[in-house]
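Student: Whatever this is, show me its structure:
(2 chains)
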Amino acid sequence: MSETNKVIEMKGITKKFGNFKANDNIHLDLKKGEIHALLGENGAGKSTLMNILSGLLEPTEGEIWVNGEKVSISSPDVANQLGIGMVHQHFMLVDKFTVTENIILGKEKHKFGFMDQATSQKDVKELSDQYGLRVDPKARISDISVGMQQRAEILKTLYRGADILIFDEPTGVLTPQEIEELMEIMNALVKEGKSIILITHKLDEIKKVADRCTVIRRGKSIDTVDVATTSQQELADMMVGRSVSFKVDKKPADPKEPVLEIKNLTVKEARGYDAVKAIDLDVKAGEILGIAGVDGNGQSELIQAITGLTKVDSGSIKLDGKDITNKKPRKITETGLGHIPEDRQRYGLVLQMKLEENMSLQTYYQKPFSNHGFLNHKEIKEHAKQLIEEFDVRTSSEENTASSLSGGNQQKAIIAREIYRNPALLIAAQPTRGLDVGAIEYIHKRLIEQRDHGKGVLLMSYELDEVMNVSDRIAVMYDGNIIAIVNADETNEKELGLLMAGVPLEKAHEQVTETEGKERETVANEK
Amino acid sequence: MDIIRLMQLIVSSSLTFAAPLILTAIGGTFSERGGVVNIGLEGIMVMGAFMSAIFNIQFVGTFGTMTPWVGMLAGGVIGLLFSIIHAVATVNLRADHIVSGTVINLAAPALAVFLTRALFGAAQTGPLPRAFGRTNIFLLHRIPVIGPIFFRNTSGPAFFGILVAIISWFILFKTRFGLRLRSVGENPHAAETLGIKVYTMKYAGVLISGFLGGMGGAIQSQAIHNEFGILTVAGQGFIAMAAMIFGKWNPLGAMGAAIFFGFAQSLARVGNSIPVIQDIPGVWLQILPYLLTILVLVGVIGRAEAPAAIGKTYIKSK
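Tutor: Residues are numbered from 1 along each chain as shown, chains lettered A, B, ... in the order given. Model prediction:
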């Protein structure tokens, strides 16, 4: 009881699933009133550890101490009673229930079993005012924004009197503004005397809010460090286990003839208005063309049109010199297209199918994978094994279902399948969304490799850093138009930011040089 | 025939045929709101019908006029017991809900007919000594015009079913139990993290469906067929499930849909005394309930919102 300020101590936690150790002798302690980050790559065992703490899993070995007392957290109920609440990554909400119903569920105010809706709604309102967590108590979950859903999820834990809050990758689904808001909420909660564990693989978030950080890698705890005195680079290296580079190494591009020629392309959106408005765009062999823009400015529709997933309204698309306008996706694929889709789980993989089957989704009907309509499972398996080896997809067996892989490894599997066919044009849409730095680095390297082999790459991303670091040329999309195409080494974040907001190129350029001039002046004046 | 007599005939016969469907459809609603598809309601109805018939014959001397009502409870109890099989199979043993339900649907009629043969030496029980018959609804039948049409000489069990529907609506949407049951059918993982006992709730849903389904079957044998045989239930459980879907998993909706299907079925019986449709060949009227079932389901099923986690096996983490 000497260190009473420790609200949680996890000592030597080991969790085995069969022979696989998801957690291997992990140590973690949480001080009262701190935000403690838990950093690790996808699949490092962060969620397993926290599921143990919240009573969803029982550890194979190890001890948990809460407020100086040894406890056994055998169920979520016990965790609740100990004041531990978890804000889950995939919200644990009932979509058809109201915010209030979700919050009170399991701890309802009632008279003879009949619920007291009015009092409950008032309680929720009061709680939401107290912590500045704006929610509409009467709204249905399916009708409110993701940010508000998350606030409801946080309120759920507070309603149960939680003092220790676990946030499991809370920012993955939020917009930048919502992330800002969440950070403020977390700070406010700590001020109210709560303690927070923040599970994440985003280094900038840790630097922004966390006091200390425990790094785990492949199920083992590596170190616990003070965030203030540790650089992002050090954190990243610890997490991945080797030196990670944030800068993308690449030679200058050597662009050749165009592989993709888009002329006057118009694409209608599902509701019938023009999402892509008469655009022209070329991607040359041996270059990476980045498409920058705020989500919802026609990028997705453009890519769906090229890949044949959406009908082209007018205009033409040529791939490798052949017209592919409104051709079937298979035809387009065979003409020489690789596609890493934006939503990897919906369009990239069949989650319920084995990894080996997923690896042949584009080629299963061709020899040697298929013979007179019969699949050759031996070849499919061999092929998958080869790709897993070559692209470092981490899985215990090629027979595992795609859903059992972590996000980063799912993406690697898709990239393996698409790049292996060596397509003339590779489209990568949001290829690193939700992935950790190690996986991001790897994927960028592969894209550049593809370019250096003389193939064309079309990279669509909402992350400005990614577009700037990886692309050779950048096309900015705004409101269905390509409002500018700039060379990556002749632009900067400010200029792109203005373009993405719809400011024309000349004006944007002017504004940027102006402010830069002023900055130079002020610097000079200060001297 | 005057118009009031005609209306009275249509309403009372519709309600008579609707009564078993109302209870069984509400039963299905409880089960599915908890996330368990109970296609075995057909078999459960058979067991309820069989049990109540036996009870009726055996205990008519003890219970007198109350015999069919007590028989209905007996049918409910046997339905509840039978539904335990479905609960164990789907909740604990993680069996496919459709497979388990189909097993019940195959086993129940076989067992019931076997026992009937063993007891009566024939495939049917023969006429029951005391059926539900027609009743006037307390006081309400004295209201002018409305009274004679809706409440006079009508089906007691149907009004019992309407009462059950109203109570069920309150239970499902206004009580703590209802909220928890629905949460389990929508998102059992969320429910578990809030300390709700998912398996217990699923059991509750299935057992309630067994009890109500058994009573539905009991009404079928004691109010409509007045005997038990292989043809007593014949598909009513499935029509009840259709009513449940048509009613959008809401007890009141299920009740309304059940009355609609009851009306469709009654036409085959009373159609020849109604002007206009008495010229339609009987075979068409007999097809009607099934045709309507198909049409309604095709028309409605796209828009109906089933509980999100329906038919999915929930595996507790640990």
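Student: Tell me who's in contact with residue B:201.
Tutor: B:34, B:180-181, B:184, B:191 (C-beta atoms under 8 Å, 6 or more residues apart in numbering or on different chains). (C-beta placed from N, C-alpha, C; glycine too.)
Student: which SS class is the nearest residue to residue A:476 once chain neighbours are set aside?
Tutor: Nearest non-adjacent residue to residue A:476, counting by C-beta to C-beta, 6 or more residues apart in numbering or on different chains: residue A:499, 4.2 Å away. Recorded secondary structure, residue A:499: helix (DSSP: H, G, I helix; E, B strand; the rest coil).
Student: Residue A:499 is in contact with residue A:481, isn't it?
Tutor: No: counting by C-beta atoms under 8 Å, residue A:499 does not reach residue A:481; the two are 11.1 Å apart.
Student: Give me the pLDDT for residue A:449.
Tutor: For residue A:449, the pLDDT comes out at 93.
Student: nope, residue A:183 is what I was after
Tutor: 92.
Student: likewise residue A:408?
Tutor: According to the prediction, residue A:408 has pLDDT 82.
Student: Also residue A:518?
Tutor: Predicted confidence (pLDDT) at residue A:518: the value is 69.
Student: same check, this time on residue A:521
Tutor: If you check residue A:521, the pLDDT there is 65.
Student: do residue A:265 as well
Tutor: Confidence at residue A:265, expressed as pLDDT, is 95.
Student: how about the nearest residue to it, chain neighbours excluded?
Tutor: Spatially, and ignoring its direct neighbours in sequence, residue A:265 is nearest to residue A:315 (3.6 Å; C-beta to C-beta, 6+ apart).
Student: OK, contacts around that neighbour?
Tutor: A:262-266, A:278-279, A:325.
Student: returning to what we had before: can you narrow the contacts of residue B:201 to ones near chain A?
Tutor: Contacts with chain A within the contacts of residue B:201, counted by C-beta under 8 Å from any C-beta of the partner chain: B:180, B:191.
Student: so where is the chain shaky, pLDDT-wise?
Tutor: Chain wasn't specified; assuming chain A. Within chain A, the stretches with pLDDT under 70 are A:1-4, A:173, A:518-527.
Student: oops, chain B please
Tutor: For chain B (pLDDT under 70), the answer is B:1, B:300-304, B:317-318.
Student: ok, now how distant is the residue of the stretch 151-300 of chain A found nearest chain B from residue B:33?
Tutor: Nearest residue of the stretch 151-300 of chain A to chain B: residue A:156, at 7.4 Å (C-beta to the nearest C-beta). Going from residue A:156 to residue B:33 by C-beta to C-beta, to the nearest Å gives 22 Å.
Student: Equivalent analysis for residue A:91, please.
Tutor: 21 Å.
Student: where does the stretch 51-200 of chain A come near chain B, residue by residue?
Tutor: Neighbours of chain B within the stretch 51-200 of chain A, by C-beta under 8 Å from any C-beta: A:51, A:54, A:56-58, A:75-77, A:80, A:86, A:88, A:92-97, A:101-102, A:105-108, A:110, A:113-115, A:156.
Student: In a strand, residue A:64, correct?
Tutor: Yes: under three-state DSSP, residue A:64 sits within a strand.
Student: Tell me, how many residues neighbour it?
Tutor: For residue A:64, the tally of surrounding residues (other C-beta atoms under 10 Å in any protein chain shown) stands at 20.
Student: what pairs with it across the strands?
Tutor: Beta-bridge partners for residue A:64, by DSSP bridges, are residue A:10, residue A:71.
Student: Looks like it contacts residue A:74 (just checking).
Tutor: No: counting by C-beta under 8 Å, residue A:74 is not a contact partner of residue A:64; they are 11.0 Å apart.
Student: Residue A:261: what secondary structure?
Tutor: Once three-state DSSP is applied, residue A:261 turns out strand.
Student: Of residue A:499 and residue A:481, which one has the most company?
Tutor: Taking neighbours as other C-beta under 10 Å, residue A:499 and residue A:481 compare with residue A:499 leading, 25 against 16.
Student: and the gap between that one and chain B?
Tutor: To chain B, residue A:499 is 42 Å away according to C-beta to the nearest C-beta, to the nearest Å.
Student: One more: residue A:416?
Tutor: Residue A:416 is 31 Å from chain B, by C-beta to the nearest C-beta.
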